[in-house]
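*Asks:* output the structure for:
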Amino acid sequence: MTGTEPAVSRIDTSRPHPARVYDWFLGGKDNYPVDEELGRQIAAMPGDAPRHARANRRFMERATRVVVRETGIRQFLDVGSGIPTEPNLHQIAQSVVPDARVVYVDNDPIVLAHAAALLRGTPEGVTEYVQADAREPERILEQAATVLDFDRPVALSLIALLHFIADDDGAHRLVDTLVGALAPGSCLVLSAMTADFDPENVRRGIAAYTASGVTLVARSHAEMGRLFKGLELLEPGIVSLSDWRPDAGESEADAGESEAKEEPVSLYGAVGFKR
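*Replies:* Okay, the predicted model is just below:
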């Protein structure tokens, strides 16, 4: 596993971290009081942020299954993977194709601290972790190339990542650089926050994150479309996560909570292919 510094000593518990707040929303325990404080503040607002976090997790599950089953892709690069929460992407992919190769990327030391214990894959496959910032796409590609063959199709997952990176902070450069390195037949799986459905509550959430020192941006449908420029969108295109192939899920969470009948989730999701 990449990274040799003692992870725990580098964990900053004085400020909330998006990965740890997300973990709290999902009911995890790998977070600190500062993360829980922000999580509770946002959860108390109208809009049900924890429901949106769960919907995002299920989108990742459904999209991964669809990519594996419909395209045969066996390589995955998950940037901004967050704290491991089962089922992880590699567990879903390797349950269908045991020889799938998965590289996770994140910059939070607490993710590194748990990666060795939790990111264990099948004997036939490979599961690796790279400690890197999403704003360093060249480094990500260099490290990931030790596991992935970029001459063959790769599924690039940017799940709930880009709303923490503003356009002027390199969001488009990140996408363009990573997608540009992918072989034909590869795909981009992306979810990101939008204010199109519930602008007032999203605005309040952005303000809460900003007050805690965390960048958070919402993107319109058109802005999401620009992130997929040059890619062929898989049906149903760019939609609220609750509307992206809701019948493709097989987990207990999918079966137990149907969100397609509720208000739209304030995150867009889509899968686009590089031809």
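
*Asks:* going forward, measure contacts and count neighbours with C-alpha atoms only.
*Replies:* Noted.

*Asks:* in three-state terms, label P87 for me.
*Replies:* coil (DSSP: H, G, I helix; E, B strand; the rest coil).

*Asks:* ok, how many other residues are close to the nearest residue to it once chain neighbours are set aside?
*Replies:* Using CA to CA, 6 or more residues apart in numbering and skipping residues adjacent in sequence, the residue nearest P87 is E61, 8.0 Å away. Using other CA atoms under 10 Å, E61 has 22 neighbouring residues.

*Asks:* so which bits of stretch 20-40 are buried?
*Replies:* Buried residues in stretch 20-40, counted by 16 or more other CA atoms under 10 Å: 20-26, 30-32, 34-36, 38-39.

*Asks:* I'd say the residue nearest to P87 and H90 touch.
*Replies:* No. With contacts counted by CA atoms under 8 Å, E61 stays clear of H90, the gap being 10.1 Å.

*Asks:* buried sites along stretch 165-183?
*Replies:* For stretch 165-183, the neighbour count (16+ other CA under 10 Å) marks I165, G170, A171, H172, R173, L174, V175, L178, V179, L182, A183 as buried.

*Asks:* in JSON lines, list those residues along with pLDDT.
*Replies:* As requested, the buried residues of stretch 165-183 are arranged in JSON lines below (pLDDT from 0 to 100):
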{"residue": "I165", "pLDDT": "94"}
{"residue": "G170", "pLDDT": "92"}
{"residue": "A171", "pLDDT": "95"}
{"residue": "H172", "pLDDT": "96"}
{"residue": "R173", "pLDDT": "96"}
{"residue": "L174", "pLDDT": "96"}
{"residue": "V175", "pLDDT": "98"}
{"residue": "L178", "pLDDT": "98"}
{"residue": "V179", "pLDDT": "98"}
{"residue": "L182", "pLDDT": "98"}
{"residue": "A183", "pLDDT": "98"}
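
*Asks:* for the stretch 101-250 of the chain, give me the ranges with low pLDDT.
*Replies:* Residue ranges of the stretch 101-250 of the chain with pLDDT under 70: 116-118, 249-250.

*Asks:* now the helices: where do they sit in it?
*Replies:* 109-118, 137-144, 171-180, 199-211, 221-227 (DSSP state H, counting those that start in this stretch).

*Asks:* I'd like these as a markdown table, with distance to A155 appended.
*Replies:* Formatted as a markdown table, those follow (distance: least, CA to CA, whole Å):
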| stretch | distance to A155 |
| --- | --- |
| helix 109-118 | 20 |
| helix 137-144 | 13 |
| helix 171-180 | 10 |
| helix 199-211 | 29 |
| helix 221-227 | 15 |
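
*Asks:* wait, which of those helices is closest to D247?
*Replies:* helix 221-227 (22.8 Å; CA to CA).

*Asks:* going by neighbour count, list what's buried in stretch 119-133.
*Replies:* So for stretch 119-133, counting by 16+ other CA under 10 Å, buried means L119, G121, T122, G125, V126, T127, E128, Y129, V130, Q131, A132.

*Asks:* could you work out the end-to-end span of it for me?
*Replies:* 19 Å (CA to CA, to the nearest Å).

*Asks:* sorry, back to before: can I get the buried residues of stretch 165-183 in TSV including distance to F197?
*Replies:* Listed next are these as TSV, based on distance: CA to CA, whole Å:
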residue	distance to F197
I165	21
G170	25
A171	22
H172	23
R173	27
L174	26
V175	25
L178	29
V179	28
L182	32
A183	35
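
*Asks:* what about Q41, how many residues nearby?
*Replies:* 13.

*Asks:* show me what the helix or strand harbouring it is packed up against.
*Replies:* Using DSSP states H and E, Q41 sits within helix 33-43. Applying 3 or more CA pairs under 8 Å, 6 or more residues apart in numbering; DSSP states H and E, one finds that helix 33-43 contacts helix 18-25, helix 49-71, helix 199-211.
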